[in-house]
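Participant: any chance you can model this:
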Amino acid sequence: MDTQKILSLSEKFRLSKDKQFNIRLHDHGLLRLIPISVDKEIFDVTDKIFFHTLINSTPYREMFFDHFSQKSDDKHGPFLLDSINDEHFLKISNVHFREEIVQVVSSPKWSCPPITKKKLSEVKELLNFVVNSECKSYFLEKCLTFNSSSQEAVVYEHEWSHSLTSYYEYVVKDKLNKKVFLLIITYE
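Facilitator: Numbers count the residues shown, from 1 in each chain. So this is what the prediction gives:
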């Protein structure tokens with residue numbers, strides 16, 4: 001019998017994190033853009049396989065706080081990895097993606113100063129860099145539940161979830177440049 005090594009999907013598609021970009025929105029908010037280099041083949045698989053691969057990849061295994069992040073085997077942001085699946089990612093139009101990011105960073109947040117015009121311009125420039133005609137954008141729907149309940153402390157998935165008051169996560173598949181972008185906005 002011929003024995004071959006069986007690779008996990010995340011190994012097969014070789015997802016690797018590139019240099020991260022941060023925009024400090026104000027003292028209590030941070031926008032992170034995390035580029036992930038991928039094999040072009042990953043753009044030819046179903047969304048179910050794509051998100052399964054992403055969720056189980058090393059670059060996705062990270063907890064995010066406002067001022068820093070930390071690698072974690074079983075957590076991502078304020079969520080447990082086991083609680084995230086492909087169905088939690090909602091496809092949105094690129095226009096909606098841009099508008100929603102601008103709205104999120106511009107809207108007033110409890111006990112946070114407003115974003116400056118200079119910072120808003122930086123966010124818009126970053127969006128111009130990320131979005132092109134070949135991109136597909138997604139929103140992690142679990143953020144809605146976290147953001148609505150975090151003020152009430154109803155449900156925290158792990159002991160560090162309480163360090164954030166709001167968490168927004170978007171995934172952009174950029175077939176043209178063979179990149180996947182995680183755009184994460186955190187508020188403490």
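
Participant: which residue ranges of this protein form helices?
Facilitator: 9-12, 47-55, 94-106, 117-130, 142-149 (DSSP state H).

Participant: return the most buried member of those helices.
Facilitator: Greatest average neighbour count among the helices of the chain goes to helix 47-55 (a mean of 19), per mean count of other Cβ atoms under 10 Å. C-beta: built from backbone N, CA, C; applies to glycine.

Participant: what packs against that one?
Facilitator: helix 9-12, strand 89-92, strand 166-174 (3 or more Cβ pairs under 8 Å, 6 or more residues apart in numbering; DSSP states H and E).

Participant: next, the angle from the longest one to helix 47-55.
Facilitator: What that stands for is strand 166-174. 120 degrees (axes from the mean of the first three to the mean of the last three Cα atoms, to 10 degrees).

Participant: other SSEs contacting strand 166-174?
Facilitator: helix 47-55, helix 94-106, strand 135-140, helix 142-149, strand 179-187.

Participant: can you list the ones you listed in CSV and add mean pLDDT?
Facilitator: Shown next, in CSV, are those (pLDDT from 0 to 100):
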stretch, mean pLDDT
helix 47-55, 92
helix 94-106, 95
strand 135-140, 96
helix 142-149, 78
strand 179-187, 92
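
Participant: among these, which is nearest residue 129?
Facilitator: strand 179-187 (9.3 Å; Cβ to Cβ).

Participant: looking at the helices and strands packed on helix 47-55, which is closest to residue 76?
Facilitator: The nearest among the helices and strands packed on helix 47-55, by Cβ to Cβ, is strand 166-174 at 8.5 Å.

Participant: tell me how far the closest one lies from the chain's centre.
Facilitator: Between the centre of strand 166-174 and the centre of its chain there are 4 Å (Cα atoms, centre = their mean, to the nearest Å).

Participant: please pull out the lowest mean pLDDT helix or strand from the protein.
Facilitator: Across the helices and strands of the chain, mean confidence by mean pLDDT, DSSP states H and E is lowest for helix 9-12: a mean of 55.

Participant: what's the separation between the nearest residue to residue 23 once chain neighbours are set aside and residue 62?
Facilitator: Of all residues not flanking residue 23 in the chain, residue 31 sits nearest, at 4.4 Å (Cβ to Cβ, 6 or more residues apart in numbering). Here the criterion is Cβ to Cβ, to the nearest Å. By it, residue 31 lies 15 Å from residue 62.
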